[in-house]
Each structure stands twice: as structure tokens, then as C-alpha cells.
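Novice: My questions are about this predicted structure, shown below with the sequence.
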Amino acid sequence: MKILSEKFIYGGDYNPEQWLDEEGILEEDIRLMKLAHINCVTLGVFSWSSLEPKEGQYQLDWLEDVICRLYENGISTILATPSGARPKWMTNKYPEVLRTTEDRRKNLYGGRHNHCFTSPVYREKVAKINTQLANRFKDNPAVILWHISNEFGGECHCPLCQKAFQTWLKEKYKTPENMNHAWWSKFWSHTYEDFSDVESPSSIGETGLHGLLLDWKRFTSDQTIDYMKWEIHALRMAGAKQPVTTNFMYNIPEANYTKMAKEVDIVSWDTYPTWHKYEGSDIEVAQDNGMQHDFMRSLLHKPYLLMESCPSSTNWQSVSKLKKPGLLHAQSMQALAHGSDSVQYFQIRQSRGSSEKFHGAVIDHYGKEDTRVFREVRKIGEDLESLSEMVCGTTTKATAAILYDVESRWAMEEAQGPRNQGMYYKESVLKNYKALKRMGLDVDVLDCDGDLSGYEIVVAPMLYMLRSNIEEKLKDYVENGGILLGSYFSGVVDENDLCFLGETPYGLCQVFGFRREEIDGLYDWEEKEFLPVKGNSLGLENIYHCSHLFELEKIKTAEPLMTVKGDFYDGYPAVTKNAYGKGWAYCVCGDGEEALYNEVVERIVDSHNLYSPIEGPLEEGLVLTSRESMEHKFFFLQNFSYKEKTAPKELEGRLIYGDLKPFGTAIYEITKLKTL
Amino acid sequence: MKILSEKFIYGGDYNPEQWLDEEGILEEDIRLMKLAHINCVTLGVFSWSSLEPKEGQYQLDWLEDVICRLYENGISTILATPSGARPKWMTNKYPEVLRTTEDRRKNLYGGRHNHCFTSPVYREKVAKINTQLANRFKDNPAVILWHISNEFGGECHCPLCQKAFQTWLKEKYKTPENMNHAWWSKFWSHTYEDFSDVESPSSIGETGLHGLLLDWKRFTSDQTIDYMKWEIHALRMAGAKQPVTTNFMYNIPEANYTKMAKEVDIVSWDTYPTWHKYEGSDIEVAQDNGMQHDFMRSLLHKPYLLMESCPSSTNWQSVSKLKKPGLLHAQSMQALAHGSDSVQYFQIRQSRGSSEKFHGAVIDHYGKEDTRVFREVRKIGEDLESLSEMVCGTTTKATAAILYDVESRWAMEEAQGPRNQGMYYKESVLKNYKALKRMGLDVDVLDCDGDLSGYEIVVAPMLYMLRSNIEEKLKDYVENGGILLGSYFSGVVDENDLCFLGETPYGLCQVFGFRREEIDGLYDWEEKEFLPVKGNSLGLENIYHCSHLFELEKIKTAEPLMTVKGDFYDGYPAVTKNAYGKGWAYCVCGDGEEALYNEVVERIVDSHNLYSPIEGPLEEGLVLTSRESMEHKFFFLQNFSYKEKTAPKELEGRLIYGDLKPFGTAIYEITKLKTL
Amino acid sequence: MKILSEKFIYGGDYNPEQWLDEEGILEEDIRLMKLAHINCVTLGVFSWSSLEPKEGQYQLDWLEDVICRLYENGISTILATPSGARPKWMTNKYPEVLRTTEDRRKNLYGGRHNHCFTSPVYREKVAKINTQLANRFKDNPAVILWHISNEFGGECHCPLCQKAFQTWLKEKYKTPENMNHAWWSKFWSHTYEDFSDVESPSSIGETGLHGLLLDWKRFTSDQTIDYMKWEIHALRMAGAKQPVTTNFMYNIPEANYTKMAKEVDIVSWDTYPTWHKYEGSDIEVAQDNGMQHDFMRSLLHKPYLLMESCPSSTNWQSVSKLKKPGLLHAQSMQALAHGSDSVQYFQIRQSRGSSEKFHGAVIDHYGKEDTRVFREVRKIGEDLESLSEMVCGTTTKATAAILYDVESRWAMEEAQGPRNQGMYYKESVLKNYKALKRMGLDVDVLDCDGDLSGYEIVVAPMLYMLRSNIEEKLKDYVENGGILLGSYFSGVVDENDLCFLGETPYGLCQVFGFRREEIDGLYDWEEKEFLPVKGNSLGLENIYHCSHLFELEKIKTAEPLMTVKGDFYDGYPAVTKNAYGKGWAYCVCGDGEEALYNEVVERIVDSHNLYSPIEGPLEEGLVLTSRESMEHKFFFLQNFSYKEKTAPKELEGRLIYGDLKPFGTAIYEITKLKTL
């Protein structure tokens, strides 16, 4: 399944409009791009003032000229709509397009993502420029993909948005009574008589009505998606038929990407990991980044694009750290390893001035090819070219799924209690993820809307909020033979953050074989110990620390595999196992250290004979992923340590690319009819 | 002296209006309350939107119904006026009722204590709803106490408040000249021509005119009290005759409680200590909490009420820590031990949603009696019932007083110098308090308005500001044979924060026998040593550390008991003693460690033969208090450590209740005619 | 060259208007001043409301009376214009005079430096009061100097300032196109069509357009200077002929002092070091303070004034630390040692109230002469009197210059990358400065506008921004035989913060003999080692640590004297040397520790036979400076340690004053015809 092109896309953001007045820059850039095997650039991001310097006066000739000259040189274009930033004339004439802060201050002109997604004027202006672009480039073979705006995010509290929020609420709740009940607004006399009473959360207004806070985040996400659809619609109305994407961001900042992904043809994202942050941190960063890659791939379950990455150091992180030799290669190959069909950079040519003038680029201020960065970029270009035919378009088939639900995260972030100085949800998901990856499993990252069928194991850490009937899906999954690994602080609230009454984890007490009694917040200095129960049926053997949170479960049918030591709940279950239907449900009852998850997952994989391409855990520092076509399966083994590694014996003799030196990537090929 | 009822009040906040739509909740709650020996609930806190859902449309039937049904089941009601939060309709129609921030931004609707105490509209609306409540419940025997609003605090900078502030100033100073002199406003050309020139302090305006800052705090306190009186007046005008209270808060956040207490019939307060914060911290927390209890009792010198406490973990502290078994019992008994005639919780039934949904409750989301918390609550209920007849209504007669003056604290907080990164006033008071408690003394906590007569010892740490003629009162007190223990940074400013000229501590140089020369701020890394003077007349023997501040005193008549070591003031007095009239004045000249105060106070108690029920200091972890009636005296001995303790021999054989196991409370009875 | 008077000025700020109503204060103050040998006071700072209590009603009699009574007692007056704070009536009638914050909020009345320098009303009012003062005092022999306003700083974003900024930009750039190019504003579509489009930077608007940010700082500085010139003009128009000064501040907060100094007759400044901050910190503080003194002296290359210093502890630092005995003397002598012709205090008499009531003073609240501080003040007065004839008016002739450019600092502060958590520019300059001082050199502190001719060595650390043709000046300087010591992150941007394209450090690659390849930001935990190259021609021998930043240089003609160890750039040059023309250019390639600079500078001084009055480095804790007249040269040797020191042998036998005890100052005299 080739999503876009026959070969890996290689390129990045390019802003030639900054250099049109300078002689020879474009020619030189083309020469250098070709030297680096770059076959595609992203144009038009933030180019509005060059495309429409005065209201209604469009200047697209320079853009067409650049696109054509690039295309003549074998370089395609991903064309961005320019709405990530707006020209000054627009805010002069229509101040409404600027955002209003949460404390109700109208922003001034400045920055980039500083526009209201509700504003009819902004939408009109965007539709017009998009129409111009579509009219001009809909049939241009050089333009292979539309890139909608840039890194959607942020929120606006202007009167237009207030009104849109009220309408959104009315659609959701139908009556104020329903809303009042869902928000439990009788607490502190917050009852609303009418939807028009509702104001968005504000530090000078409402900060504690959890249902309101959560719905505001949902509205913001929905309004962002609605705006994006408006942009796409304008392109389509003007006849553009190329696929569309938008560039997602690390850690899902402010939108429900599951919903957003439904509206684009291809998922793409921007990755900016902070490599080399401390000794031995690269494997940590790689796992975190890998989980993000898996999340992006899981959104549409097909190849996606790495839209932005930095070829050198960024300028906006606290320390602008140079990538050590080989790291850029590893970072680029990691995208491929997890299912991307591209490697793209921000940026091709470094800006001379303004806020990102020190952000790394393929062509830096020095401007020539005899730089370390350029040599590495060129080597990656060569490798992508050589791998394209075999690997491009292949997909990943994961046997494990992990739930990471952004709406549940929003709710946990706003909730007060049980630990306001840190719940560590993301960290908990990551610990589970790493335990799965350590066993060599491919992992899909889903949210509560996900389809659980077909996975051998589903991991659901801290499933605080239940929505989309997830408790039923999990129950059915286990009932029919699935393996579930859950944890503390699950099944606490419904989709409006309203606490379940009666036994909890709601809907899952039978599955897990216990009910929650209490949950204890631990101070930062506090640690509890988890001790294995002698003769426990999973064969757990070691002692682990637990921090932050420990939940007291009242056992009904579950088997305690480990118990907690010390404090008044000494002997309470720490890890449990319960048979339910044809399957099994495990639960970790406190925020255990990473090694706990490693042992638990390893024992589960062994005990239930779950599929893994390798026997026993991977060596520390290595990450294994796979992609496959109808005929072939490719294993990517990456070394994110400073020491050379050896491959597991199962992969011996199948190397088709690379090595396992520090930051090395090795690719192994398996003909699919053989079992590994 | 029974303040309210023949027996201890046991209960807490209850918000049935959140559950009126749910079948059977009230019945179940009554069943559980009776099971827990609960005899009283607080209704109506934050219930305005249920009582007056639309302007002028009052709905009190549900409330009367609940009150009556509770009463039929033996449960009385403390009825709150609902003004702690306001309905949305009010702010829609009368935005003036919302507060204005110090940087002059009008708040939006939201939160709870978000109303202007000056607003005529708010006062009118409050008077009307209070009148409705009084009309309905003034003769209802179920309603035993009015609870005015909730946890008064905060400030408003709206134009109405500005005007009220100017009027307040005019009343205080009569002429602008007087005010200008008091504020020393020629500094930086801040002279005011007229009272109408004055604006409240603001981060975008005046931040450094100490007299203004201090008067603003006083005005805010006075205006809050004036508002509270308005509420009470409305109840009284409508014929309500029950006593009134309002719930005070930990550490006197923003009002002069001495003044406020004069306007209520009964003092009550809300306690939320952070137990188990670190290893061994519980005794620290207990002492701090005990000092608050003593402060509340000292306000009206009679039994008071514990109005709110949490039966489990709160949700708004940084970590929601579960109370270890027994701690809730100890916390509840501590109230009794210091003179409370009640134990009450926030809350009876846990809210399902909104900002406090994870705040602990007698009845939690699970909803049944088989919880650890419910079992502890029930046990406390049983114990209160059994102790009521003997203990309820008895009072505490302290022989020691400590001064903790909130107006002086305000002034110190705003003053710049001598240590802007921490003056540690409260901490200093607490160290002195603990030294007194260690000797088994009952302690009253007073401010500068306090009456010092009758105490054997008065402790006055860091008496920065002198007001209410306190220097004369202290002088007279010592002159007539009293024992005074003072410290550095005393007698610095007058009641308007204007520095005294000439010798200081103002008015007290003769009493202490020295004058202040300079005061040195110590960096956090700095420590000085206090060495005992050989053969000093108090018998001090040990060496102690001093931090934060050290004051250089020029000795006139005092005896240096200790001297400081090192730095250029090597040999300067560190602890002094001075005979004055028939009494003695001691002074600690720097911020010594806790053990210093312990030794000083122990030697003073011994040397002057001060009354103590026990010989020698109490064992670490124990707290001793007493209550007495005409005939009996009860000693409460509480163990806030994890180890079982034994009682001092003086109490042997007199145990009438409890034990000294970890978190245990033992009560001893003495027939008063005997001397102990 | 006597700048103002035949003898050292000794005195400080005095605000008798605060005490006019109090009997006898002035007489007592005069008595005490005479006792302390005070010969001059600064009057009128912040006195506006006493001079013009109502609009247009001037009251100068009290001031004249005070001036005359002081003068009769031998005390001259430095007379301040009162514009550092404004009367309340002015803001009542003309709110425009108050500042607007960066987020566009109009300030309220309050504070002191809270007025708009653009406001025509403020300028008019200032001109009128200044005219009144000049009319009254222009011929009064008591008034020897005008002190313009107070500690200029801060910024205003009101509409008047916006317009003035736009006009300033138009004057600078002529066309929007030029401005757009200089700001590289096509980045993020920030193109301006017209100057009237530009708004000042704001946290609710533009924060990242570096050229705009930098120009705003320049405009603010220029507007401040323009305002100051307006004040001076008013005095001159009214016939005042006395010289003018204004008091500069530590570390050049917000103005280009090089430009500002051009507009005054005499430079003066206020010093408030944080002595005794940690063990052994005093020498550090003294060096930092000494560099500031050298900076102030270098502005006009003649004697200057120490306008304010604290005789005791300040009240606004985090800890109000008492000065240890002798420190005040050392601090005062340090001013003389670096070229000041005065020692002055804030303040003569301590304020009774308001924000600085705890700021140290010659006469404190106690009010008498039997205080430690007064005795020290008096001793200094005696010493100044005895030294005046010989030393007053002598000047410093430095052979070394160091560049510290405030505009480059502004640009680095706003730039994003390469290390947003700390670039350490000032610290780097100071390390170089201390290495020069360690060798006994007198040092001028210049910026890019400085004249480099005549120095034996020029040190230019982190010369990020090139302006005023500094790269050409440096090139010429070295070409003609000068010794240059530069460092990493130099020659990066032009005067508008636009990156140079091609080889960098721009204009200096030939001088240094390399070009920059990359720059690596180091995390706080990261350190690199610098190793000496065997047989390097400078004789460097030791190993040093490098933090924060390391720059990779590609050597062309330079000799690597040291190389870096570890990381992927192992072996890259760490310290370089290059012959250029008749001179030599050295470069340090990373943020080395202090000792590295010490060795490098010591070897350079030795190797090139640079002038130093002493052989070998000074002992730790000592600082050496000199002043000279036509006939004599005076060496000031100060001991900022807690141990007595001995003078270098070259100074033996020439002592004319003092000693080298802790905090001691020794003065040595050399008849100039002799070589030392």
C-alpha cells in the first residue's frame, strides 16, 4: 500500500519567499537538494503575506515558478495552506481574527498560531486563499499533497467562540437540566438556567467545574477540526484532488487526534526529541518517540509521514544540543521502522533572522555542502533511495495494543485529587509500552474509541475515564479469551467526569476480580515495596518499589500475585490476576517502577504463549519493530546505545541492511511463508 | 457552660440538594448517619441556587422537608446562610456583585467566594434570602445554630470598595495630613491632597507604601466583618433567636478574628492539617493544629466548635494522603482536648462531580457502611456520646499566654527588610508554644488586644508592631510580678508601621534591660551558635544554633544568659534576663532552634515555680491539655507518635478513658479539691 | 583634573522635606554631618510634591533655606530634579503621564519611576519645575551639580510611545522594505506595509521578531536619553551653568550608557553589592563591582562620582546583611581606587516609614552618633579629607581594554538558541576581566563604539553582534601589532541581529585563523575537558573544564594551543593563536573555567611582555589599581579577604596610607619619572 508515492519521500520545509530578492539562492538550493537526494519539499507554510501581500491581491506566480523549477529537477511539492500565520493587513482591518486569551484579553498581532478558528472573517479569507491555491495547483503534477495549515493547537475565548461553545453544548445536552446534571453543577450553586449562561473556563472566572473544563477542551478540539474541514472543503470545492494531511505534534497537545485523523487522507507528524539529555537517555527518548510513532501509525492503521524533524539542533529547547554523529540517521530510520513512508526536515534552508534563525537546517548560514550535517543528510538520502522499493508502502501488524486516551488525560489533568503534584499518566503508559517493546512486540497505541479485536494482549493503564463503552469492550475482549493488563485509578468517572457510584472500577470489578476501597497519594519521599506472593501462578519473583499512588483493592475472585509491604495496608494486593470468561485480567495496583512492568509483561508473554519474533527479552538499548507486505516481513532492529550490539539469534542470517553499531539500524528480511 | 447543646455535636456539612432527584438517597443517608451516631448536620452551605432558583422565587420547602425528616431521626441542623456562592442569574443581572482583582480586572462568574462585600445589591439579595430563611426556621427546634456564609476571606478592589476604603480612612484619620504623616507619604512624593485620591494597593499601582498596604488589609477585614454583621442583622430583624457562628480558618488568613469573634455567639473553625507529611511529622502537625485550637478557644474564652474536618483525605492538598488508622480519632479527640464541644466533618456525602468530588466524606461514592472510614467515624460517634455528659461544656483555664498578632504579621509580611526571603514569625511563635506545651501548660493564644492579667507567664515573640498599648500592658504585667519571654525584632513600629525613633524596643527597653543596636539578616546557609554564659542565673547549659536573624542588643541592666559565637558580634548577648518591678523579662535575641526554647522555658518554669500539672517535660510525641468544670478537671493526654507511651506518674490511677497507644487519647479525671 | 571640587565629595541623599514638621531635626543632622566630615548632600530626589504641592504652586523656600543652612556649615548641595516620582495631582489631572505595561495595561498611580518619557504633559511639567529650580539656584554657590531625575530605566508602551517608536523606525530605516529585510520579517508572514503597522513587543502580541525586540530596546534607550536631554535643556535655558550628572546603575539595566554619558558632564553611579553572600564571596563581589567602576570611568575617561552606596544593610535585597566592620571602608576606598572623586550614601537620615524605612543610613532611627555605622562613616570622612589633596582629580591610564557591549547583550538575551537556559555573557566577560586584574593591569571597559587605539591588549569575549564596524577596528588593531583575546559565539549577527551568511566569525576569520562550523549547547551536567597541546607556543600546561557552550572551529592558519577531550569533536581546538599582521589573535572556543583564563592571560602577558606594575600574578584576595597625575602615580592595593596580606615587592617602601589587614586598603606612591 503506497500511500502517496512509489518511494520514500525525502525533504522538508522550504521557504524560498524569504530569499526571492537574493540572486542565485534558489539555483544553489536545488543543486544542494539534488546532492542530498531530496525528492520533495514542503512549500507555503506561513507564506500568506507573500501570496496575498494586500487584501485580495494574490501573487502566486513566484510560487508556481519555484514549484516548476523544483519539479524540473525531480523535486515534488507538498503544498501548505498558509493559514498558520496571517498578514498584518488582515488584523488591521479585522481584529476579530486574533485570539482572545482565557483571561479575556484580545491578543495583539504577533506570533503565528494567533487566530480564532471560529471567526467568519478568518474562515472567509482562508477559503479565498485556499481557492486561489487550489485553482492554480490542482492539476500540477508537482504538487502531490496538501498540508493544511500548521500544527493545529491553542484556543480562543472571544465572544464568537463563547457563542459557538454554547451551541456545541446545546447540541450535546439538549436541555440545561442534562448539562447541570452531567456537570453536577448544584455543587457551589453553579446551576445554569440556559446555555447562554455558560462562559468558557477562566482564571478570573470558573476554574473548578470539571465537566465544564472538559467540555471546553472537547469543544476546542472539535472547533479546530471543524476549521480544518473548512480549509479542506475550500480546496475540494476548487477541484483539488490531491490527498490532504496536517502535521500532528508530539504528545497530542490539545486536540483529539483520533477524531482529527478521520478527516485527513494521510497522517503526518513533527518530531523533536531531546536526544542526549543525560547519560544513557537516548534509549529512553527513542522509546518515547517510538510510542508516538506507533500512536500516529495506529490512527489510520497505514503508513504515515514524518513531516518535520530537525537535522541539527533546534533553537527553542532549553539547550541547543548538537546531534552526535549517526543520531540523525537513527532518528530518520526510526520513522521508517515504525511505519513512516517519509523523512522530512524543518528546514531546508536556515532563516537569516527572527525567532528561529538558529534552528538547524539542511543548508545553514554558512551555505555549503562541506558541513557535517549536510553529509549526514546526504547519506540518509542515499539509504532511503536504496530501501524504497522493498520497504515503502509496507505496513505494521501489531499483536499488542495499549490504551492512551487524551480525553481521559484532560480529565485527570483538571481533576483535583488524588495527587495534584503529579499523576504520571503518560509515564505509566510509557512504562507499560516499554515492557511490551522489550519483548519484541509490535504495539498499536489506541484510545477508548479503539477496536480491540485481534490483539493478543491489551494494556490499559490508569483508565480513569470510561467512554465509548470501553468497559464493555474490555469485558467482551477478556471474555472471549483476551489478555488484559490494567492498573490503579481505573473506571473512576464517566465520560463527563462524574464519579461512578457503587463498586468500582465501574463495569470491570468482575473482570479484575476486586473492587477499589481507597487510593492513597504518596509524598515524593514515600515508597512502598511490592513483594511476590510465594508460589504465585505467574511466577513473579522480585521485589519492586512503588511511588506516587497506591490503590487498596478488596479482593473477590482475583489471585494476588504480589502484595504491598508496610503502612497500614500491609499485605494488600499489589499485582493481581483474575480469570474471566476465556481470558485473563491482570492489574497493577500502584505506580510501580519500570522493572516491575518488565517482569509482569515478560511472565504474561511466556505464560500465555503470546507471539514474539524473539525468544526472551531484547538487550537493553535495542528496539525491534516490523513492517510487512503480502510477501515479506522486515524487522528493523535499532541500537540507541553507545555500544555495539548483537542481534537475537532468530534474526541471524537475514540481514539485508545496516548494522548494530552505536546508533546503527539493521534490517532483516523474512519471507512470510516461513515461520520465524 | 454548655454553649449550644447538652452533648457534643457530631456531624458535618450535608448537601442533600445535590441528590433530590435521586430516589432513596436521603433515607439511606439518615440510616447511615444514625448508624454513625451523628446528631447534627450543617445544611445550606452554597445552596443559594436551590433556594432561589430565579430572582425572588424562593423554594424552601425541600429544605424544611429535609430538616424535619432529619429531626424526626434525632438529627439537628446548623443552618447556613447560602451566601458563600451565588446563583448565575444574579451575576447576569447585577455584575457589580462580582469581585474586582487587585490589578483591577472584573471577575467573571465562577468559583465560590467571588462577591463584593460592599455591593449594595449583594447585601440586599443576601438580606432577602436570609429573611426568608429566618421567617421559615426561626421557630423550628431542629435548627440550633446559624452558620453565616462560609470561610470569610478575600478582597475586592471595585469602585464601590475604593469609595468605602476612602470613607474608612477619613473616619480613621480625620485629615489627609494625619494620614500623610502616618503613612510617611512624603517619601517618593506620595502625599495625598484628599482622601478621594487614595487607591487600594495594586501590582500595577502602589505596592510599597506600607501604611496604605496595612490599612487596606484592615479595611478589608473591617468590611468583611461589617458584611457579616449585615447578614446577622437580617436574621435578627426577621426574628431568628438562635445563636450565630461563622467558620474561621487555619492561620487567620485575611481577617482580624479577634474583632470578628466579637460579633458572633460561638466561635467555630475548619481544620485541615496535612498529617503524615514526613516521618515523625504528626506531632509537629498536632502542635500546630493545637495552637490553632487554642487560638480559637481564646477568642471568646469558652467552648467553641470544630465546624469542618476531613474524615478521609482532602482533594485539594498537593497529595491526597489517606489518614492512617486511628488518626481520625486522634484528630477528633484533639478538638475536645483543646476545648471544642463538637466534631464535624466536611462532608457527610461525597459530591459526584465538580471540584471537590474527590474530597473525603463519611459516605463515599461506594455508598455503604463497610468502609474503613465509616467504621472510624462510627467509633468516634460512640465515644463522643459516652464522654458528653462529663466533658461537654467544661472549659480550659490557661496559666500561660502567647501573643500572635495578625496585624503585626500583616505589617511584617509587607515590610521590606530585614529578611525578605523569610521572617518566620509564625514558626517562631510555634517554637515558643511548643516549649510551653512540653511543660504541660495550657496556653491561651492572644493578640495585642488581649488581657494579660492572671497569667503566670506571657510569651511575646517578634512583637514587631505595638498597638493597643501593648507595651504598657506588658510593662505593667512585669512590674506587677509577671514573667515575660520576648524576642528580637520587637517594638519596631507603631500601629501604622511607622518606625519608632530613639531607643527600641520602644517602651520596653527598661523592661528588657537593653536597647537594640542593629539586626543582621542571615543567609540560608548561615548559622550562629548560642553559648551559655558560665554560671548564668537561669542555669542554661547547652549550645544551640541560630538562623535567619540575629539582633545586636546593647545591654543596660540585663544579664546575658547566653552569648553568640563568631562573626563580628562575637560575645553579644543571645538570651537575656532582666528584673523589672516585681517580675522578670527574658529575651531571645535571634531565631534559635526549637531546643533552645525548650531549655529556656523549662528553666523559667522551674526557676519561677510556675504551675504545671506534671513534673519535668512531657515525653516527645505527647500533648497534654485540660478542661474543667466547677467540680472536675479532665486531663487529655494524646499520643501523636507511632510508639505506645506511658503517662506521667502524676496522672497514674486517674484514667477514665482511652489509652496511649499510637494515636491514642487518654483522659484522666481529678476531683478539683485535691491538688494534683 | 578636578572634575567638580578641590576635594573628594563626601555625603549622600538627604530628604529634609520628610522632617520639616519636626523640631530640631535639621540642626541635629547638621551637627552629625559635620561630625562625620560630610561636605555635600544630594537634595531634591523625589521631592516634587514638596516643591509643587498643587499644580503651578511652587514652594522652594524650604529648599533654599535648607541649602543655605547647610552651606553655612560647609556642606554643598547636589541638587536633583524631582522627576523620579510625581505628585498625585498630576496623575489625577493627566493620566497620560503614567506608564503603560508591555501587555497594554495603564498603570495606576504608585511606585516611583512610573512615568512616560514621551508624554508631552510630563515633559512640560518637568520643564516648568526644572525652570523654577534653575531660576532659584543657578547662581547659588552652594549648588555645585545638577542631578537629573533618578536611576533612569523602564519602558512605556502607551499610544504616544508607539507613535514615537514608529517615527524612530522611519528615521532609521527610511522605507518599510528596509525594515522588513533587516527584521527578516517574511518569516511567519510578518511583513509590515507601513511603519504605522508596527507595535512594540508584547507578551500578548509579538515576542519573537528579534529585530523588532532589539529596536524596541534601542528606541527605549534613545527615548530615555532624549527625555534626559529635555530636562537638561530646561535647566540650561533658565541659565543654570553648573555641571549635570545622572546616577547610573549596576550592570547597565536598560539604556545604552555610552550614548547617555555623552549628554552629561560627569558620570555618576549607584553601587549596591551583596557582600558576604557566601564564604569567600567578597573578593568575587569586589571584582564584579570593580569592573562596574571601571566601566563607569571608561565612559568619559575621567574621574566620576560614586553617587549612592549603603552605609549599612539595604532593605530590598533578599537578606538584609550587615556589613562586617571595615567593609564599608573598603567599599568606599574601592571607589577612589577605580577613579571616583566621591563617596556618597543613600541616605543621610533613615526614612521613618514607607518602602525603604529599613534601608541603612548614616543617621538611623535611633538617631545618635554612638552607633557602629556612624563611627565607620566618620572614619571614612576623615580619611577622605586626608587623601584629597594628593589623589582627588588624578586619573587612570589603562593598558588593557575589555569589550562589554550592552546592545549585543540585549540581542543575546532575546535570541532563541543556542542555550536558552543561560548564555553567561556577563560571567564570561568577568572571568576575562579578573584574569587581567590578577596580573595587576588597569582595565578600561568599552563597548563596540570604543576606540581601541593605545591599548596593549584588547579582550572581546562572546562578541555576538558586530556593530560600529567593530570587526574592522579589531582587524586594524591586530594588524598594527595589537594583542586580541576573543572567544566563541563571536561575529554571528549584524547590528540588526541578522545572521551573517558565509564564513564566520564574520570579518574575523583571517584574524583568528579559523571559521566556525557548529556550536554545541551543553546541559548543566555536562563538562568537557581542555587539554594543552604538547609544545604549544604559549606554554599552556594545565587541564581545564568547559561548560555551557563549545564551538567547533575549522582551523585554517591558527595554532591550536589546547584541544578538547571527549565527545564526537574530540581533538577540536579549544584555545587558538594566530599571527595576523604585526599582532596576534587568541581565541577561547568554549566557556572555560576561570582558571583557564588566568593561565591564558598570564602567558599572554609574559609572552608579549605586556606592561604590569608587578611581576607575576597578585595573591588571591588582592586588587590593584592606579591613578596618576602629571607627577605622581598612586597604586591602590585592596585586601578583600579575611586574612592579612603582604604587598608585592615592587611596592615595598612606597606606602603612604593604610595597610593590608582584612578589608584594608594600602596606597603606594611612585614619582613618575622612575620606572617601577
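Specialist: Arrived safely, thanks for sending.
Novice: Find the closest residue to chain B in the stretch 401-550 of chain A.
Specialist: Closest residue of the stretch 401-550 of chain A to chain B, CB to the nearest CB: A:Gly417 (3.1 Å). The C-beta positions use only the backbone N, C-alpha and C, and glycine is treated the same way.
Novice: who's in contact with that residue?
Specialist: Residues near A:Gly417 by CB atoms under 8 Å, 6 or more residues apart in numbering or on different chains: A:521, B:313-316, B:320, B:357-359.
Novice: swap the cut-off to 6 Å and go again
Specialist: Going by CB atoms under 6 Å, 6 or more residues apart in numbering or on different chains, A:Gly417 touches B:315, B:320, B:358.
Novice: So which of the residues you listed sit within helices?
Specialist: Of these, none are assigned to helices by DSSP state H.
Novice: picking that back up, mind pulling up the pLDDT for the residue of the stretch 401-550 of chain A closest to chain B?
Specialist: As summarised for this prediction, A:Gly417 has a pLDDT of 94.
Novice: Can you name the residues bridging to the residue nearest to A:His608 when sequence neighbours are not counted?
Specialist: Using CB to CB, 6 or more residues apart in numbering or on different chains and skipping the chain neighbours, the partner closest in space to A:His608 is A:Ile483 (5.5 Å). Beta bridges link A:Ile483 to A:Ile457, A:Trp584 when assigned by DSSP bridges.
Novice: isn't A:Ile483 right up against A:Ala585?
Specialist: No - counting by CB atoms under 6 Å, A:Ile483 stays clear of A:Ala585, with 8.0 Å between them.
Novice: Could you check which of the two has the larger neighbour count?
Specialist: Neighbour count, other CB atoms under 10 Å in any protein chain shown: between A:Ile483 and A:Ala585, A:Ala585 has more, with 28 against 21.
Novice: tell me the contacts of the more buried one?
Specialist: A:478, A:484, A:511-512, A:578.
Novice: tell me the SS of A:Phe530?
Specialist: Assigned with DSSP: H, G, I helix; E, B strand; the rest coil, A:Phe530 falls in the strand class.
Novice: Repeat that for A:Cys161.
Specialist: helix.
Novice: ok so A:His548 is a strand residue?
Specialist: Yes - secondary structure of A:His548 (three-state DSSP): part of a strand.
Novice: Skipping adjacent residues, who's closest to it in space?
Specialist: A:Asp591 is the one closest to A:His548 (CB to CB, 6+ apart), at 4.3 Å.
Novice: and the gap between the one you found and A:Ala401?
Specialist: Separation of A:Asp591 from A:Ala401 (CB to CB, to the nearest Å) stands at 21 Å.
Novice: do the same with A:Pro648
Specialist: Between A:Pro648 and A:Ala401 the computed distance is 23 Å (CB to CB).
Novice: Show me which of those two is the more surrounded one.
Specialist: A:Ala401 (25 against 20).
Novice: element containing the more buried one?
Specialist: A:Ala401 is part of strand A:400-403 when elements are defined by DSSP states H and E.
Novice: For that strand, name the packing helices and strands.
Specialist: For strand A:400-403, the elements it packs on are helix A:425-438, strand A:443-446, strand A:457-460, judged by 3 or more CB pairs under 6 Å, 6 or more residues apart in numbering or on different chains; DSSP states H and E.
Novice: Can you show me the CA trace of the next helix or strand after it as CSV?
Specialist: Sequence order places helix A:406-414 as the next helix or strand after strand A:400-403, per DSSP H and E. C-alpha atoms of helix A:406-414 as CSV (Å, rounded to 0.1, in the frame of the first residue of the first chain):
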residue,chain,number,x,y,z
VAL,A,406,-6.3,12.0,25.5
GLU,A,407,-9.8,12.8,26.9
SER,A,408,-9.1,10.8,30.0
ARG,A,409,-5.8,12.7,30.3
TRP,A,410,-7.6,16.0,30.0
ALA,A,411,-10.0,14.9,32.8
MET,A,412,-7.1,13.7,35.0
GLU,A,413,-5.2,17.0,34.5
GLU,A,414,-8.2,19.1,35.6
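Novice: Please identify the buried residues of helix A:406-414?
Specialist: Neighbour counts over helix A:406-414 (16 or more other CB atoms under 10 Å in any protein chain shown) mark A:406-412, A:414 as buried.
Novice: Likewise for stretch A:247-256?
Specialist: The neighbour-count check on stretch A:247-256 (16+ other CB under 10 Å) flags A:247-249, A:252, A:255-256 as buried.
Novice: that older thread, so what are the sheet partners of the helix or strand hosting the residue nearest to A:His548 and their directions?
Specialist: Secondary structure assignment for A:Asp591, by DSSP H and E: strand A:590-592. Take DSSP bridges as the rule and strand A:590-592 pairs in its sheet with strand A:544-555 (antiparallel).
Novice: need the next SSE after the partner strand, C-terminal direction.
Specialist: strand A:559-565.
Novice: helices or strands up against the helix or strand following that next one?
Specialist: Later in the chain than strand A:559-565, the nearest helix or strand by DSSP H and E is strand A:573-580. Where contact means 3+ CB pairs under 6 Å, 6+ apart, strand A:573-580 is packed against strand A:559-565, strand A:583-588.
Novice: partner strands of strand A:573-580, parallel or antiparallel?
Specialist: Going by DSSP bridges, the partners of strand A:573-580 are strand A:559-565 (antiparallel), strand A:583-588 (antiparallel).
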